[in-house]
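In: what follows is a protein structure lacking sequence information:
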């Protein structure tokens, strides 16, 4: 069963704008990870946030985690055409296994 | 550095045929995984291997078998392919521990007619 649900399912924005994607999950977690998938390619790891962290940054990416609400958000600032991809959240519970959400398809309009 | 390599990239099978999907990683990772990705469903774990010589079932193991041949290689076998197994299959690997990212191959696109 899917642990995470991303919202929205699809998002289109103008280049230069910020993109925000949300992820909700159901159980207690050890950490939450975000991945990007370009069309026809495998997933690429973006960022990992541990359950005792509330916010993390990596370049133009900002991830927040609210364990009380069982939710996370991914913010991509100053979007570029190359950011067009699908984005997935994935949770880790007590072991190394990832449970993925259904993904958000992001389109950046030049 | 090749990372995770999957072969073949594409395959068409007839119902009832068997085949093995190959995966190899060159990052000296202990853990390896097989997922399937279907439209609108994200990735679902089929099998994983926490170390050489061990394998465990994931969320959707029925109809599949795996072999952890050595530390580098983890293969997925379909003994009698069914149309419901039409999907994109991804192999991944990671270092030991919960806080390790997974590294993915580019997938095998499998169609069962």
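Out: Cool, the structure landed. Quick caveat: nothing in here was measured; it's all calculated off a predicted structure.

In: okay, which residue is most central for chain B?
Out: Closest residue to the average C-alpha location of chain B: residue B:34 at 2.8 Å, with CA atoms, centre = their mean.

In: does that residue really touch residue B:89, like I thought?
Out: Yes: look at residue B:34 against residue B:89 with CB atoms under 8 Å: they come within range, at 6.6 Å. For every residue, glycine as well, the C-beta is placed using N, CA and C.

In: overlap in contacts of these two?
Out: Residues touching both residue B:34 and residue B:89 (CB atoms under 8 Å, 6 or more residues apart in numbering or on different chains): B:21, B:46, B:76.

In: does the last one count as helix, strand or coil?
Out: Going by DSSP: H, G, I helix; E, B strand; the rest coil, the secondary structure assigned to residue B:76 is strand.

In: so it makes contact with residue B:89?
Out: Yes: counting by CB under 8 Å, residue B:76 touches residue B:89, with 6.6 Å between them.

In: who touches both of these two?
Out: B:21, B:34, B:46.

In: list the contacts of the host helix or strand of the residue nearest to the centre of chain B.
Out: Residue B:34 is part of strand B:31-37 when elements are defined by DSSP states H and E. Residues from elsewhere that reach strand B:31-37, judged by CB under 8 Å, 6+ apart: A:96-98, A:100, B:21, B:23, B:25, B:43-51, B:58, B:60, B:64, B:66, B:68, B:74, B:76, B:85, B:87-96, B:100, B:102, B:107.

In: list the buried ones in stretch A:38-54?
Out: By 16 or more other CB atoms under 10 Å in any protein chain shown, the buried positions in stretch A:38-54 come out as A:42, A:43, A:45, A:46, A:47, A:48, A:49.
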